[in-house]
Each structure stands twice: as C-alpha cells, then as structure tokens.
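>>> Sharing a sequence plus its predicted fold:
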Amino acid sequence: NAGVTQTPKFQVLKTGQSMTLQCAQDMNHNSMYWYRQDPGMGLRLIYYSASEGTTDKGEVPNGYNVSRLNKREFSLRLESAAPSQTSVYFCASSEEVAGVDEQFFGPGTRLTVL
Amino acid sequence: SQKIEQNSEALNIQEGKTATLTCNYTNYSPAYLQWYRQDPGRGPVFLLLIRENEKEKRKERLKVTFDTTLKQSLFHITASQPADSATYLCAPVSGSARQLTFGSGTQLTVLP
C-alpha cells in the first residue's frame, strides 16, 4: 500500500517550457488535490477533484491545468512555466468519512523554473 | 477575507516541557479544524481533528482545544521529545466547503 505517489521528485525547467506532474493514489479515494507550498505562505490549493471526471479551481489556479485521468490518477500541467511557479508541489487524496476529510499527502515535487 | 495565523516565530522548548502552538482564524466559521505535522522534505501528515461542538480532544501526548468565541485553537504536546521537532499546520474547515485552507505553520524544535 504505497498511499500517494508523485513523480518526478525534482525538476528544473527553463521559462516557457511545459511539464506534467503525475500523482497516483491506491486508497480508492474519491477526492484528490494539488497544492503548492512556498516559504512563509503555507500550502495553497491549486485545483481539486471531488470525484472522477470533475475538477474545480482552488485558490491559485492561474498557469495550471489538471486532468483527473481515472479514480487513481490526477495530473497537474504547467503549459508555459514561469519563475513564479518555482515551488514545492504536493498532491493529496481524501475520502469523506462521517463528514470529515482527512487528507493524505504525497512526498512532493520540487520544481525550479529558471 | 479569510485569514489563518499561527505562531509567527519558531518555537524552541526544552525536552520534557509542554509545547503550546496557537492557531487564530478570522472571517471563518469552521465546522471543524485539523492539525497536521510536516517534517522537512516531506508531505504533511494528519494528527488530530476537533469539531466546533468539542472543547477538547486528546490523542496520546497531544491535546487540541477549540474556542469558537475566541476563534482560536491551541495544540499542546506534553512531555515533549526531540522527535516532536517539526512544523505543525492548522487547517480550519468551514461547513460549506471540504477544501482545506492551511496556516503557514509553526516550526517547533525540542532541545535535548
């Protein structure tokens, strides 16, 4: 039982390049999330998916797109990377039980945009 | 706008003492509040949840309180150990959304 996995662990891009961050969970959770974490800013929600086939914007969606490929996988795409997107990206998943969503996080992807 | 404030400074305490971390929120009416622990280079890990109708919740050496009048949650670690050193994040959740909004965290260091 791997929980939430993310690839790659590290990535360096040049401004304008594109890339996709991959996330998968094996807990059969309906909800999945993408966050970014910057020093002093805490975790900020980029996009989330409440169930397979649905996605919604979070607090900071500009410059990103997402795909909920199936129940297990939720990818985050940067079409044209900018230095402001240098951050640590976390994927998470959850399943509502008794009105509560405890989120399970992946190990993160450290992205640097030059 | 909604705002979450945690201890702005890092917190250093001596081993064996009780650590108390503060989470204040404004423009929120959270149905419950979650606390997470984050170690360097890793994702957050869920610790405890407390609902608006609960004053206090305990789990082993951890205790969380929730005062909806003060709009504050306190997170206590009793008999602290160096292994408790980490960043602790609070996340109030409003009844209208399941999305979590995190505070920026408090970095706790327990000195041996």
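Now that the structure is in, tell me what you want to look at.
>>> count of neighbours near the closest residue to residue A:69 other than its chain neighbours?
In this structure, residue A:69 finds its nearest non-sequential neighbour in residue A:75, 6.4 Å apart by Cβ to Cβ, 6 or more residues apart in numbering or on different chains. Using the backbone N, CA and C atoms, a C-beta is placed for each residue, glycine as well. When counting by other Cβ atoms under 10 Å in any protein chain shown, one arrives at 17 neighbours for residue A:75.
>>> So which bits of chain B are right by chain A?
Residues of chain B lying near chain A by Cβ under 8 Å from any Cβ of the partner chain: B:4, B:31-32, B:34, B:41-46, B:49, B:89, B:93, B:98-105.
>>> ChimeraX command to pick out the buried ones of these?
Restricted to buried positions by 16 or more other Cβ atoms under 10 Å in any protein chain shown, the ChimeraX selection for these reads:
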select /B:4,31,32,34,43,44,46,49,89,93,98,99,100,101,102,103,104,105
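>>> which residues of chain A fall in helices?
Using DSSP state H, no helices are found in chain A.
>>> quick one, what contacts residue 107?
Just so you know, I chose chain A. A:5, A:6, A:9, B:41, B:42, B:43 (Cβ atoms under 8 Å, 6 or more residues apart in numbering or on different chains).
>>> switch to chain B, that's the one I care about
Residue B:107 touches B:10, B:11, B:86, B:87, counting by Cβ under 8 Å, 6+ apart.
>>> How about residue A:100?
By Cβ under 8 Å, 6+ apart, the neighbours of residue A:100 are B:32, B:49.
>>> Pull up the gap between it and residue B:33, please.
Residue A:100 sits 11 Å away from residue B:33, taking Cβ to Cβ, to the nearest Å as the criterion.
>>> intersection of neighbour lists for the two?
Common neighbours of residue A:100 and residue B:33 (Cβ under 8 Å, 6+ apart) are residue B:49.
>>> Please flag which of the residues of chain B next to chain A sit within strands.
Those of the residues of chain B next to chain A mapping onto strands are B:4, B:31, B:32, B:34, B:45, B:46, B:49, B:89, B:93, per DSSP state E.
>>> Name the residues of stretch B:63-72 that come out as buried.
Buried residues in stretch B:63-72, counted by 16+ other Cβ under 10 Å: B:63, B:64, B:65, B:66, B:71, B:72.
>>> which of the ones in strands among the residues of chain B next to chain A sit farthest apart?
B:31 and B:45 (21.8 Å; Cβ to Cβ).
>>> Could you find the closest non-adjacent residue to residue A:68?
residue A:49 (4.3 Å).
>>> what's the straight distance from one end of stretch A:95-103 to the other?
Stretch A:95-103 stretches 8 Å from its first residue to its last (Cα to Cα, to the nearest Å).
>>> on that earlier part again, neighbour-wise, which one of the contacts of residue B:107 leads?
Busiest of the contacts of residue B:107 [other Cβ under 10 Å] is residue B:86, holding 20 neighbours.
>>> ok, it to residue A:105 distance?
14 Å.
>>> do the same with residue A:64
Per Cβ to Cβ, residue A:64 is found 18 Å from residue A:105.
>>> Comparing these two, which residue is more hemmed in?
residue A:105 (23 against 19).
>>> tell me the centre residue of chain A?
residue A:34 (2.6 Å; Cα atoms, centre = their mean).
>>> List the beta-bridge partners for that one.
In this structure, residue A:34 bridges to residue A:47, residue A:91 when assessed by DSSP bridges.
>>> wait, what's in contact with it?
Residue A:34 touches A:21, A:23, A:45-48, A:58, A:64, A:66, A:74, A:76, A:89-91, counting by Cβ under 8 Å, 6+ apart.
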